[in-house]
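A.B. asks: Got a sequence here, can you model it:
(one chain, ligands or ions: 1)
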Amino acid sequence: MKYQAIKGVKDILPKDIGKWHFLEKTAKELFETFCYYEIRVPVFEKTAVFSRSIGEDTDIVEKEMYTFKDKGDESITLRPEGTASIVRAFVEHQMYNPPSVVKLFYSGPMFRFERPQSGRFRQFYQIGVEAFGSEDPSIDAEVIFILLELLNRIGLSNLELNLNNIGCPDCRPVYKNKLQKFFESRLDALCQNCNQRHVKNPLRILDCKNKGCIEIVNEAPTIDQSRCDICKTNFDQVQDLLSKLGTCFKINPKLVRGLDYYSRTAFEVLASGLGAQNAVAGGGRYDGLVKEFGGPQTPAVGFAMGVERIISLMQDQEKFAFKPKVFIVSLGNTAKETAFQLLNELRMAAVPSDWSSNQGSLKSQMRKADRSGADFVLIIGENELKNEKLILRNMKTSQQDEIPLKNIAESVKSRIKS
Ligand code: HAM
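C.D. replies: Numbers count the residues shown, from 1 in each chain. Alright, predicted model coming up:
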């Protein structure tokens, strides 16, 4: 019986892992420079954690959650995103005490039952940050800057930051009303989904990918005429601060995001060359969520990036691949025994090293050494053992040097560095 991975779920193979490590390492270094601290939360939660925060009328909650009853008859959901779990943890551990700005980062798998296609998976990874405890627009700008700087450090270009301010609980209902009125006379032309959205959540219509709906949405009123003075000023300040940091952005008044918890700042980073699934990251402010989860009123802002989509944009597979420094080739049984010991000596001296435990001919071992990508090959034959001198071959330049068997790890280390 041959098994295959479940549809929409991917293995990450050793040949690809170098890019993942590079992204994760670069992200951790950058986040810590900005004094964000790592948090790890469970991959499953009580269903209400997600349904209450993301919104009952969103696609994620309506159609995409992996929800099941556990053996204790509790409704459990595999996390479709990280923010809700982190807010739950923030409140549960009273991280608002003592009051200060709490800045967190996280990474890990998320689960959404979406129709799999290029760039869209049912298990996918996110890396994200969440900053709690400040309404100041500088924290919005900081979070957005971190995201763009990370994308820059891993060498991505052709990205576009789309920015909006989707209003607050004071002014968004006004906009919602305007939208409802606008769509009322156009319901026949809207898709079935949007007809349902119209009653409960007309802002969702702005996000519809249906061609007919997009045409109508193009004519729809935008939030900019409905923002209250506080949101207007806040949006201006965020833009001003981003400009001060040299960040380019495009105002997109139709950007609403697919989750209901947002207020004010909302943003997405889009990449060309990814087809329909071109959002590599998204985020925004969610000032009401901590209170909704039973904590004190605590403003918050964050983002999450889709790791697979970002990895697919990273070029230069070779550059990120892990390779041994040294590959040992041995000829004959005695040489093999010595090779086994030397291999361990090199490894204990922190030199990534390998060999072929099946030995084989010189030619086949050299082929394996080449395939491994090792920078150097250490050759041990009967003669070398007799003379207590081994051959170290530089695989790039083909230069060969004789090095003494004694203190081999030290001499190899000094040569491979130079
Ligand atoms: P989101 O926009 O739903 O936001 O997801 C963030 C990113 O995850 C997307 O831009 C995309 O790159 C990636 N992503 C989403 N679904 C899939 C999928 N099925 N397959 C592959 N990649 C996917 C959030 O999740 C919010 N929690 C972000 C946030 C953090 N807002 C505030 N703080």
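A.B. asks: which residue packs closest to whatever residue of the stretch 101-250 of the chain ends up closest to the ligand, ignoring adjacent ones?
C.D. replies: Taking Cβ to the nearest ligand atom, the ligand has its nearest neighbour within the stretch 101-250 of the chain at Phe124, 3.5 Å off. Bear in mind the C-beta positions are built from the backbone N, C-alpha and C, glycine included. The shortest distance from Phe124 to any non-neighbouring residue, by Cβ to Cβ, 6 or more residues apart in numbering, is to Glu308 (5.4 Å).
A.B. asks: Run a quick neighbour tally on that neighbour.
C.D. replies: 19 (other Cβ atoms under 10 Å).
A.B. asks: these two touch, right, it and Ser118?
C.D. replies: No: Glu308 lies out of contact with Ser118 (Cβ atoms under 8 Å); the separation is 10.0 Å.
A.B. asks: Quickly list what's touching both of those two.
C.D. replies: By Cβ atoms under 8 Å, 6 or more residues apart in numbering, Glu308 and Ser118 have no common neighbours.
A.B. asks: who's the residue nearest to Ala339 when sequence neighbours are not counted bridged to?
C.D. replies: Leaving aside its chain neighbours, Ala339 sits nearest to Ser330 (3.8 Å; criterion: Cβ to Cβ, 6+ apart). With DSSP bridges as the criterion, Ser330 is bridged to Ile380.
A.B. asks: Give me the neighbour count for Ser330.
C.D. replies: 27.
A.B. asks: Contact partners for it?
C.D. replies: Contacts of Ser330 (Cβ under 8 Å, 6+ apart): Lys336, Thr338, Ala339, Trp355, Gln359, Gln365, Ile379, Ile380, Gly381.
A.B. asks: Let me know the distance separating the third one from Lys363.
C.D. replies: This means Ala339. Here the criterion is Cβ to Cβ, to the nearest Å. By it, Ala339 lies 17 Å from Lys363.
A.B. asks: Quick check: pLDDT value at Arg197.
C.D. replies: At Arg197, the model reports a pLDDT of 85.
A.B. asks: need the residues of the protein near the ligand, please.
C.D. replies: Counting by Cβ under 6 Å from any ligand atom, the chain comes close to the ligand at 81-83, 112, 114, 120-121, 124, 126, 128, 130, 258-259, 279-284, 302-306, 308-309.
A.B. asks: rewinding a little: of the contacts of Ser330, which is the most crowded?
C.D. replies: Neighbour-wise, these (other Cβ under 10 Å) top out at Trp355, 26 neighbours.
A.B. asks: phi, psi of the residue nearest to that one when sequence neighbours are not counted?
C.D. replies: By the measure of Cβ to Cβ, 6+ apart, the closest residue to Trp355 outside its immediate chain neighbours is Ile328, 4.2 Å from it. Phi and psi for Ile328, reported as degrees, to the nearest 10, are phi -100, psi 130.
A.B. asks: residue in the stretch 151-300 of the chain nearest to the ligand?
C.D. replies: Closest point on the stretch 151-300 of the chain to the ligand, by Cβ to the nearest ligand atom, is Gly282, at 3.3 Å.
A.B. asks: so what strands line up beside the strand or helix carrying the residue of the stretch 101-250 of the chain closest to the ligand?
C.D. replies: For Phe124, the host element (DSSP states H and E) is strand 123-132. Strand 123-132 has its sheet partners listed here by DSSP bridges as strand 102-111 (antiparallel), strand 300-306 (antiparallel).
A.B. asks: So which residues of the stretch 151-300 of the chain form strands?
C.D. replies: 159-165, 250-251, 265-271, 279-285, 300-306 (DSSP state E, counting those that start in this stretch).
A.B. asks: The third one pairs with which strands, and in what direction?
C.D. replies: Taking DSSP bridges as the criterion, strand 265-271 forms sheet pairs with strand 159-165 (antiparallel), strand 279-285 (antiparallel).
A.B. asks: Same question for the second one.
C.D. replies: Strand 250-251 has the following sheet partners, assigned by DSSP bridges: strand 159-165 (parallel).
A.B. asks: Could I get the buried residue list for the strand it pairs with?
C.D. replies: Of the residues in strand 159-165, Leu159, Leu161, Asn162, Leu163, Asn164, Asn165 count as buried by neighbour count, 16 or more other Cβ atoms under 10 Å.
A.B. asks: Identify the farthest-apart pair in these.
C.D. replies: Leu159 and Asn165 (20.6 Å; Cβ to Cβ).
A.B. asks: before we move on, the earlier item: what's the closest of the contacts of Ser330 to the ligand?
C.D. replies: Trp355 (39.3 Å).
A.B. asks: pLDDT averaged over the strand holding Phe124, what's the number?
C.D. replies: 98.
A.B. asks: go on, stretch 239-254?
C.D. replies: On average, the pLDDT along stretch 239-254 is 96.
A.B. asks: what's next to it, contact-wise?
C.D. replies: Applying Cβ under 8 Å, 6+ apart, the set of residues contacting stretch 239-254 is 137-138, 140-141, 144-145, 148, 160-164, 206, 217, 220, 222-224, 267-268.
A.B. asks: lowest average confidence, helix or strand, in this protein?
C.D. replies: Using mean pLDDT, DSSP states H and E, helix 317-320 stands out as the lowest-scoring helix or strand of the chain, at a mean of 79.
A.B. asks: Could I get the CA-only coordinates of that helix as CSV?
C.D. replies: Taking Å, rounded to 0.1, in the frame of the first residue of the first chain, the C-alpha atoms of helix 317-320 are listed here in CSV:
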residue,chain,number,x,y,z
GLN,A,317,18.2,27.4,-4.6
GLU,A,318,21.9,26.5,-4.4
LYS,A,319,22.8,29.4,-2.2
PHE,A,320,20.6,28.2,0.6
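A.B. asks: tell me the domain ranges of the protein?
C.D. replies: For the chain, automatic domain parsing gives the domain ranges 14-171+227-317, 323-417.
A.B. asks: Any chance of CSV for the ones you listed, columns distance to Gln4?
C.D. replies: Formatted as CSV, those follow (distance: least, Cβ to Cβ, whole Å):
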stretch, distance to Gln4
domain 14-171+227-317, 13
domain 323-417, 27
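A.B. asks: I appreciate the help and will end here.
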